[in-house]
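J.: can't give you the sequence, but here's the structure:
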């Protein structure tokens, strides 16, 4: 299993956190998602066919900024 940890800005409330988790959860291969809005950190565990680039793109397309 692979793991990516990203620092993300723009997670202002629980609704945004849920929205991001739902978007990431739609990616085939994603196994676990942890969004810490206080620290602005997102951790994703995944297997193929998901990849780092696809996960990063999903975060940005969901309206958040990678730091």
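T.: Sure thing, it's come through. Quick caveat, the model's predicted, so the values are computed rather than measured. Numbers count the residues shown, from 1 in each chain.

J.: partners of residue 34 in the sheet?
T.: Note on residue 34: beta-bridge partners residue 43, judged by DSSP bridges.

J.: Please point out which parts of stretch 55-67 sit buried.
T.: 55, 56, 58, 59, 62, 64 (16 or more other CB atoms under 10 Å). From N, CA and C alone the C-beta is placed, and that goes for glycine too.

J.: Can you lay out those as TSV showing pLDDT and distance to residue 18?
T.: Putting the buried residues of stretch 55-67 into TSV (pLDDT from 0 to 100; distance: CB to CB, whole Å) gives the following:
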residue	pLDDT	distance to residue 18
55	98	17
56	98	20
58	98	15
59	98	14
62	96	11
64	96	13
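
J.: Can you name the residues in contact with the helix or strand hosting residue 20?
T.: Under the criterion DSSP states H and E, the helix or strand holding residue 20 is helix 14-25. Identification of contacts with helix 14-25 by CB atoms under 8 Å, 6 or more residues apart in numbering yields 8, 10-11, 30, 33, 35, 37, 42, 44, 55, 58-59, 61-62, 64.

J.: Repeat the analysis, applying 6 Å as the threshold.
T.: Contact with helix 14-25 is made by 11, 30, 33, 35, 37, 58, 62, as judged by CB atoms under 6 Å, 6 or more residues apart in numbering.

J.: Tabulate the buried residues of stretch 55-67 in TSV, adding columns for secondary structure.
T.: Compiled in TSV, the buried residues of stretch 55-67 are given as follows (DSSP: H, G, I helix; E, B strand; the rest coil):
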residue	secondary structure
55	helix
56	helix
58	helix
59	helix
62	coil
64	coil
